[in-house]
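1. sharing a model prediction with you, sequence too.
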Amino acid sequence: MSRLDVLTPLTPRGKALLWAGVGMAGLSLLFGQRDLVRVGVFLIALPLLSLFVMSRIQFKLSISRGVTNSRIPINASTASALRLHNVARISSGLLLVEDEIPWQLGRSQRIVVDRLHPDQWRDVNCTLYGSARGRYRVGPTSITLVDPFGLCRTTRNFTATDTVTVVPETIALPSTHLHGDWAGVGESRARAIASTGDDDVIPREYRIGDDLRRVHWKSTARSGELMVRREEQPWRNRVTLVLDCREAAHRGSGPDSSFEWAVTAAASMGKHLLERGFGVRIMNTYGKPLVSPAQATEALSGTEAVGALLDLLATVDFDEDISTKTNHALSPEAFSDGVLIAILGDLELGEAEAIAALRPRRGTALAIILDPSAWGGRSQIPDDAGPSRTSALFTVHGWRSAICGRESDLGDTWRSLTVGALAGVS
């Protein structure tokens, strides 16, 4: 350990005062100025005395933290709160609180807090503004105690952090009727039943959370264990969202890129469908699910399912390893029923034909094809057929398709795609 390491707690002011005192004392001795020697000694003693006192102070603080909303839309804000509690038996000095904040949520906070008396607490608040999608860590926090003269400081680092997820913006879509294939999500899957349900099936053992009104008393009396009826559960329509995550398929950068427009469209459609009872899964154009398991959102309902989908899309990025396309290749069998919605960027002719051939045998297929020129970029794909020809190709395969640019209204596009063939969308 270097001898100068003991001076590390000194502030720049304290170090300047110390070396100024050393220089003055040395020159005064050289020229025989005893009065100035006393001044130099005083300047040396002051920061060293401050260093000694600060090393003996019992600096004990506890910190608790939290955020108002851990999930916020892009371009929205939330509040981050720190509570400082002085658990020492003596009052603290002036405190400098520094909270580490990623640039996507704003600037790191540096706040001065006045003296805290024993067992006193104080709240420190700051505003976090989500400027980009993602999941970010807020913290950790460091607190620096400074002596009254600003000559010496001691720092304590805390490990507590918060997580804030900035999710994509969602656009309210008009309510329209969307056809698809229905499948049960209860104990018995898609099969014909009477409108009054199916109460005569084989009972099963009671599970915690089962409705007591479903108890099958005859079977209970016969077996000696509580038995309940297997009743048909609600039906849910299945939707698959295909999001084009290929970097070469998009133009622009940052929040104004075509990829961000596509993510916003996927988030808006997914939220709209989940709130109406649809089961939603999402994957890329190579057939690789963007969530594991692939249909996790189908097991959720309401707000939980929407939150899970938005959390997923908050961190979605371009595909890094395109070799996965051979392991998760899309096939028509994967979409033999249900609703298929594709949000696509720039496509080669062969890629467009392969995706167009995925149209379900039953149900509905919708395609949103992005025009790269709307984001100030020209196609870099040699076999580029252009958005119009790509849209026509999808129409031939039975899709309902629409071409969108930066200024396109997603609500109008959704309405024109879902009202049916009479809308005249191509």
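-> On my side now, so go ahead. Numbers count the residues shown, from 1 in each chain.

2. C-alpha coordinates for stretch 223-232, PDB please?
-> As requested, the backbone C-alpha atoms of stretch 223-232 are provided in PDB (Å, rounded to 0.1, in the frame of the first residue of the first chain):
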ATOM      1  CA  SER A 223     -64.200 -43.400  -3.800                       C
ATOM      2  CA  GLY A 224     -64.100 -41.800  -0.400                       C
ATOM      3  CA  GLU A 225     -62.100 -38.900  -1.900                       C
ATOM      4  CA  LEU A 226     -63.400 -35.500  -3.000                       C
ATOM      5  CA  MET A 227     -64.000 -35.700  -6.800                       C
ATOM      6  CA  VAL A 228     -64.900 -32.900  -9.200                       C
ATOM      7  CA  ARG A 229     -66.400 -32.900 -12.700                       C
ATOM      8  CA  ARG A 230     -64.200 -32.200 -15.800                       C
ATOM      9  CA  GLU A 231     -66.100 -29.300 -17.400                       C
ATOM     10  CA  GLU A 232     -65.300 -27.700 -20.700                       C
END
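
3. I'd like the mean pLDDT over that stretch, please.
-> Averaging the model's pLDDT scores along stretch 223-232 yields 75.

4. ok, T159 - contacts?
-> Listed by Cβ atoms under 8 Å, 6 or more residues apart in numbering, the contact partners of T159 are P140. For glycine as for every other residue, the C-beta is placed from the backbone atoms N, C-alpha and C.

5. just the element for it, please.
-> Under DSSP states H and E, no helix or strand contains T159.

6. ok, now how distant is it from G363?
-> As defined by Cβ to Cβ, to the nearest Å, T159 lies at a distance of 51 Å from G363.

7. now swap in W261 and tell me
-> In this view, W261 and G363 are 26 Å apart by Cβ to Cβ.

8. swap in L43?
-> With distances taken as Cβ to Cβ, L43 is found 84 Å from G363.

9. so what's G40 up against?
-> Residues in contact with G40 (Cβ under 8 Å, 6+ apart) are G21, V22, G23, M24, A25, G26, S28.

10. so which strand or helix has T144?
-> Counting by DSSP H and E, T144 is part of strand 141-146.

11. hmm, who's touching that strand?
-> Strand 141-146 is contacted from outside by 11, 54, 57, 59, 61, 63, 65, 82, 84, 92-100, 152-158, 160, using Cβ under 8 Å, 6+ apart.

12. chain center to that strand, what's the gap?
-> Taking the mean of its C-alpha atoms, strand 141-146 sits 30 Å from the chain's own mean (Cα atoms, centre = their mean, to the nearest Å).

13. residues near R276, how many?
-> By other Cβ atoms under 10 Å, the residues close to R276 number 11.

14. not counting its neighbours along the chain, what's nearest it?
-> For R276, the nearest residue in space outside its immediate sequence neighbours is S175; the separation is 7.7 Å by Cβ to Cβ, 6 or more residues apart in numbering.

15. domain ranges for the protein?
-> Domains of the chain are assigned by automatic domain parsing as 3-56, 61-167, 192-228, 235-423.

16. deepest of those domains, which one?
-> With neighbours taken as mean count of other Cβ atoms under 10 Å, these reach their highest mean count in domain 235-423, at a mean of 18.

17. would you agree T170 is in contact with P73?
-> Yes: counting by Cβ atoms under 8 Å, P73 is a contact partner of T170 at 7.1 Å.

18. starting at the chain centroid, how far to stretch 88-108?
-> 25 Å.

19. can you map out the helices along the stretch 101-250 of the chain?
-> Using DSSP state H, counting those that start in this stretch, the helices found in the stretch 101-250 of the chain span residues 217-223.

20. dump the strand holding T144 to CSV, restricted to CA.
-> Extracted as CSV, the C-alpha positions of strand 141-146 are listed here (Å, rounded to 0.1, in the frame of the first residue of the first chain):
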residue,chain,number,x,y,z
THR,A,141,-26.3,4.1,-5.1
SER,A,142,-23.2,5.6,-3.4
ILE,A,143,-23.4,8.1,-0.5
THR,A,144,-20.5,10.3,0.3
LEU,A,145,-20.1,12.0,3.7
VAL,A,146,-18.2,15.3,3.5
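
21. strands paired with that strand, and their directions?
-> Sheet partners assigned to strand 141-146 using DSSP bridges are listed as strand 94-99 (antiparallel), strand 153-157 (antiparallel).

22. weakest of the ones you listed by average pLDDT?
-> Within those, the least confident segment by mean pLDDT turns out to be strand 153-157, at a mean of 85.

23. what's it in contact with?
-> Contacts of strand 153-157 from elsewhere in the structure, counted by Cβ under 8 Å, 6+ apart, are 9-11, 54-55, 57, 59, 61, 96, 140-147.

24. go again using 7 Å as the cut-off
-> Applying Cβ atoms under 7 Å, 6 or more residues apart in numbering, the external contacts of strand 153-157 come out as P9, T11, M54, F59, L61, P140, S142, I143, T144, L145, V146.

25. turn the strands paired with strand 141-146 into CSV, columns for distance to T418.
-> Putting those into CSV (distance: least, Cβ to Cβ, whole Å) gives the following:
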stretch, distance to T418
strand 94-99, 46
strand 153-157, 54
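
26. out of those strands, nearest to D371?
-> D371 lies closest, by Cβ to Cβ, to one member of the strands paired with strand 141-146: strand 94-99, at 43.3 Å.

27. re the thing from before, out of the contacts of G40, who's nearest T78?
-> Using Cβ to Cβ, G21 comes nearest to T78 of the contacts of G40, at 49.0 Å.

28. out of the strands paired with strand 141-146, which gets nearest to I368?
-> Set against I368 and scored by Cβ to Cβ, the strands paired with strand 141-146 come closest in strand 94-99, at 41.0 Å.
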